[in-house]
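**Q** please work out how this folds:
(4 chains)
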2 protein chains.
Amino acid sequence: MEKIPLPTVRRLPAYLQILRAEQSRKKEWTSTTMLSESLRLKAIQVRKDMSYASCQGRPKKGFNTSECIRRIEHILGLANDCEAVLIGVGSLGSALLKYDGFSRYDMYVGAAFDSSPFLIGTTIGEVKVHDVDFLETYIRRTAVSYAILTVPETGAQEIADRLIASGVRGILNFSSTYLKTPEHVIVRRDDLALSLVQLKAEVKFHQKPEVIISRPSHPIT
Amino acid sequence: MEKIPLPTVRRLPAYLQILRAEQSRKKEWTSTTMLSESLRLKAIQVRKDMSYASCQGRPKKGFNTSECIRRIEHILGLANDCEAVLIGVGSLGSALLKYDGFSRYDMYVGAAFDSSPFLIGTTIGEVKVHDVDFLETYIRRTAVSYAILTVPETGAQEIADRLIASGVRGILNFSSTYLKTPEHVIVRRDDLALSLVQLKAEVKFHQKPEVIISRPSHPIT
DNA sequence: GTATGTGAAACCATTCACAGCA
DNA sequence: TGCTGTGAATGGTTTCACATAC
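**A** The predicted model follows:
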């Protein structure tokens, strides 16, 4: 199989979303043009990505929607349900527990953890909140590989260490901390403030580039 | 002034965070080594970024912390406070209103908007919730340039259109919708489910690359 | 004609190698 | 020796040009 560039892999979920929408509208074929217009990407890039993903289309028609969906789902490993745990049931943590979007990619939050006696035992958005002392036991028992970290900054590193020691391979970190983790663990940092300031910086450069930045091809928005 | 690569611009806020922490610890000088270890970046990359940002350091000492902070703040345009509005006071919207991290980058949410009579008039985390009908008036009056969109998918495009018509230049979109926007508006999409599935995909490729992906140098985690 | 497919070229970012300075 | 600074080389991604299929 061919080598797929990381940026391409990151765009695949976006294609998947559009393709699924097309499928639910009973469209058998989806063209590059359609995908590129929906996602604001250059048509040529979509075609190249499809080619990397070994999706094959037909001239004049486009790509077979269902087949393409299957290919992408396979590459992303979405075939079967995938559980994540969430640690830190503050306002952001609670919002994520109520969030229903994860199922779009066949993922779900199976359990939440906190140390507050007021929260332990409660259920938020169908997810039960456990005592954080139970964290290691739960992860080992269920062999969960992914964790969503919504704890205050000060506790983030400690919890991360415990997650990793218990076998977690991927951490979605919403705290502003930069976690120290071993090579084999992937951390993705989703810093809300950072998102906003990056947006601001890009707007600034876009309108009056007193500092000139390159705009090779912006990521999917 | 020199052209700064977009990836560099995106790393600047991270440097800023570390530099500020150093400053508050009264460290006059900050070295590349220190920055690179904190952020898990290669030292050479940090130096190159600093060079792009026209920060100049001294051999053996490093970079002057305060001066470097000023440079980066200037490039990112953080000099003065910057307001954003938030639309959609659901659970995620509320969490963001209570979130106190924006001030790290001298930004704040000045007003929130929703259509629910139960929310209009209330104050969440010091931010007042207004009737969404008041949106255009508020934006025009205060000349706000940034908006955080935490509305359900179905309403996202309509609100975006109204924001843009009122003069907003940057939208932080938390809905899963891909917005159609004119060239001059920057949209940054922060899809929570997408983050998790991207994390999963990267973990998958990292452990058993049946599909091989390139790993040039991952973004800051 | 219209849309896919692919090797080559262009472009951008990262890394290297080595220079300079305290 | 330890750290910054920079032009050149490398590596990866996007884009182009053109071939191909219906």
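**Q** in the helix ranked longest in chain A, what counts as buried?
**A** Once chain A is assigned using DSSP state H, the helix that runs over the most residues is helix A:6-24. Of all the residues in helix A:6-24, those buried under the rule 16 or more other Cβ atoms under 10 Å in any protein chain shown are A:6, A:8-20, A:22. (Glycine included, C-beta is placed from N, CA and C.)
**Q** among the residues you listed, which are in reach of DNA strand D?
**A** Counting by Cβ under 7 Å from any atom of the strand, A:6, A:8 from the buried residues of helix A:6-24 sit close to DNA strand D.
**Q** ok, the longest helix of chain A near chain B or not?
**A** Yes. Helix A:6-24 reaches chain B (Cβ under 8 Å from any Cβ of the partner chain) through A:6, A:8, A:9, A:10, A:12, A:13, A:14, A:17, A:18.
**Q** per-domain residue ranges of chain A.
**A** Using automatic domain parsing, the domain parsing of chain A gives A:6-75, A:82-198.
**Q** and the helices in chain A?
**A** According to DSSP H, chain A carries its helices in the segments A:6-24, A:32-39, A:43-52, A:65-76, A:91-98, A:135-142, A:153-166, A:192-207.
**Q** what is the nearest of the buried residues of helix A:6-24 to residue A:194?
**A** residue A:10 (17.4 Å; Cβ to Cβ).
**Q** roughly how far apart are that closest one and DNA strand C?
**A** Separation of residue A:10 from DNA strand C (Cβ to the nearest atom of the strand, to the nearest Å) stands at 15 Å.
**Q** just checking, that residue touches residue B:199?
**A** No. In this structure, residue A:10 is not within contact of residue B:199 by Cβ atoms under 8 Å, at 10.7 Å.
**Q** from the contact counts, what lies against the longest helix of chain A?
**A** Helix A:6-24 is packed against strand A:29-30, helix A:32-39, helix A:43-52, helix A:65-76, helix B:192-207, strand B:212-213, with contacts defined by 3 or more Cβ pairs under 8 Å, 6 or more residues apart in numbering or on different chains; DSSP states H and E.
**Q** need the contact partners of the second one.
**A** Pointing back at helix A:32-39 there. With Cβ atoms under 8 Å, 6 or more residues apart in numbering or on different chains as the test, helix A:32-39 has contacts from A:11, A:14-15, A:18-19, A:22, A:41-43, A:45-47, A:50, A:57, A:62-63, A:220, B:178.
**Q** does residue A:179 really touch residue A:170, like I thought?
**A** No. Between residue A:179 and residue A:170 there is no contact under Cβ under 8 Å: 11.9 Å.
**Q** which neighbours do these two share?
**A** With Cβ under 8 Å, 6+ apart as the test, residue A:179 and residue A:170 both reach residue A:187.
**Q** more crowded one of those two?
**A** Counted by other Cβ atoms under 10 Å in any protein chain shown, residue A:179 and residue A:170 do not tie: residue A:170 has more neighbours, with 24 against 20.
**Q** is it true that that one touches residue A:181?
**A** No. Judged on Cβ under 8 Å, residue A:170 makes no contact with residue A:181 at a distance of 10.2 Å.
**Q** quickly list what's touching both of the two.
**A** The contact lists of residue A:170 and residue A:181 share residue A:187, where a contact means Cβ under 8 Å, 6+ apart.
**Q** thinking again about what came up before, is it possible to get CSV of the domains of chain A that adds mean pLDDT and distance to residue B:117?
**A** Formatted as CSV, the domains of chain A follow (pLDDT from 0 to 100; distance: least, Cβ to Cβ, whole Å):
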stretch, mean pLDDT, distance to residue B:117
domain A:6-75, 91, 32
domain A:82-198, 95, 21
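**Q** dump those domains into TSV; add distance to residue B:161 as well.
**A** Putting the domains of chain A into TSV (distance: least, Cβ to Cβ, whole Å) gives the following:
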stretch	distance to residue B:161
domain A:6-75	16
domain A:82-198	21
